[in-house]
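Chemist: Pasting a predicted model and its sequence here:
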Amino acid sequence: MSGEGRCIRMEKVCYTVGGRAILTDFDLLLEQGVNRTILGVSGAGKTTILKLILGLLEPQAGSISINGLTITGLKEARYREQRKKIAIVFQGGALFDSMTVGENVGYRLFEEGRLSEAEVEDIVREKLRFVGVEPALDLYPAELSGGMKKRVAIARALAADPDYIFFDEPTTGLDPIGVYNIVSLMQRLQAEGKTTLMVTHDLPTAFATSQRFTFLHQSRLVFEGTEAEMRASSIPEVQQFLEPTDSSLFVHQ
């Protein structure tokens, strides 16, 4: 795999659960400034990739590095610094129900304790303004729509100024307006220099927000390339994913 400098790299990563291969000899290169989407059917291992990079799971083989530092097997205290370079927007938003929107967005900053309360509040308001939900500052998650929860989750991810932002199925359960809002926000983030890695089934969102695509099938990487290369691919699994036919019926149910 090519590419040096500031990037996230996975090389020959293997991960199994109960004897079932989730990832086999998997490679990934996420260069800063190049936005990527990981595609594949449900259960293909897409979210597992994010968890491995975040250190929430440990691979059985292979290596993972962030900006040149190998994190595989790294002690928690040292890896914690690397993890600060990454933020994740979980599928359901994963907001703390007992905290207000403002407290949710500022949570990581308050925990770190490096900034004053006034400084944190300024950042919180700035990020909520960026995603268009500043009026919800004092509301609780239960008072928000699904789309607003996703936008608050994005604001929380932005608060710590990460190099990389991961999106786990960011448009699931949203109506067309909600999807439009999330896509627009991702494009604005990218225009400001943030690097995004997304896992999704939503092809229009993927093609609107990414330049490179990784396709997983039966635990293995079967395609890596641009949208044009993907559409022109002769790989049967890729073509069935892009344009399902009758032969796809019930295969993955």
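Modeler: Looks like it arrived, so ask away. Numbering: from 1, shown residues only.

Chemist: What's the separation between the residue lying closest to residue 160 once chain neighbours are set aside and residue 191?
Modeler: Once flanking residues are discounted, residue 160 sits nearest to residue 108: 5.0 Å by CB to CB, 6 or more residues apart in numbering. (C-beta placed from N, C-alpha, C; glycine too.) Counting by CB to CB, to the nearest Å, the separation of residue 108 from residue 191 is 24 Å.

Chemist: Pick out whichever of the two has more residues nearby.
Modeler: A direct count of neighbours by other CB atoms under 10 Å for residue 108 and residue 191 places residue 108 higher, at 16 against 8.

Chemist: name the helices or strands packed onto the helix or strand where the more buried one lies?
Modeler: Using DSSP states H and E, residue 108 falls within helix 101-112. Applying 3 or more CB pairs under 8 Å, 6 or more residues apart in numbering; DSSP states H and E, we find helix 101-112 packed against helix 117-131, helix 146-159.

Chemist: In the longest one, which residues are buried?
Modeler: Neighbour counts over helix 117-131 (16 or more other CB atoms under 10 Å) mark 120, 121, 123, 124, 125, 127, 128, 130, 131 as buried.

Chemist: likewise stretch 10-30?
Modeler: Buried, per 16+ other CB under 10 Å, within stretch 10-30: 10, 11, 13, 15, 22, 23, 24, 26, 28, 29, 30.

Chemist: got it, and stretch 153-170?
Modeler: For stretch 153-170, burial by neighbour count (16+ other CB under 10 Å) applies to 153-160, 162-170.

Chemist: do the same with stretch 235-247
Modeler: Neighbour-count burial for stretch 235-247 [16+ other CB under 10 Å]: 237, 238, 240, 241.

Chemist: Out of those, name the ones that lie in helices.
Modeler: Among the buried residues of stretch 235-247, DSSP state H puts 237, 238, 240, 241 in helices.

Chemist: and which of those is nearest residue 139?
Modeler: residue 241 (38.7 Å; CB to CB).

Chemist: residues touching the closest one, list them.
Modeler: Taking CB atoms under 8 Å, 6 or more residues apart in numbering, we find residue 241 in contact with 39, 40, 41, 215.

Chemist: Next one: it from residue 155, what distance?
Modeler: Using CB to CB, residue 241 is found at 32 Å from residue 155.

Chemist: Among the contacts of residue 241, show me the least confident.
Modeler: Ranked by pLDDT, those bottom out at residue 41, which has 81.

Chemist: Could you grab the helix/strand/coil label for it?
Modeler: Judged by DSSP: H, G, I helix; E, B strand; the rest coil, the three-state class of residue 41 is coil.

Chemist: Could you number the chain from 52 rather than 1 from now on?
Modeler: With 52 as the first residue, the last one maps to residue 92.

Chemist: How about residues contacting the strand or helix carrying residue 132?
Modeler: Assessed by DSSP H and E, residue 132 sits inside helix 127-134. Applying CB under 8 Å, 6+ apart, the external contacts of helix 127-134 come out as 105, 106, 117, 118, 120, 122, 125.

Chemist: Convert the C-alpha atoms of it to PDB, please.
Modeler: Taking Å, rounded to 0.1, in the frame of the first residue of the first chain, the C-alpha atoms of helix 127-134 are listed here in PDB:
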ATOM      1  CA  GLU A 127      -3.800   2.500  27.000                       C
ATOM      2  CA  ALA A 128      -2.100   5.600  28.400                       C
ATOM      3  CA  ARG A 129      -0.100   6.200  25.300                       C
ATOM      4  CA  TYR A 130      -2.900   5.300  22.900                       C
ATOM      5  CA  ARG A 131      -5.200   7.700  24.600                       C
ATOM      6  CA  GLU A 132      -3.200  10.600  23.000                       C
ATOM      7  CA  GLN A 133      -3.600   9.100  19.600                       C
ATOM      8  CA  ARG A 134      -7.300   8.500  20.100                       C
END
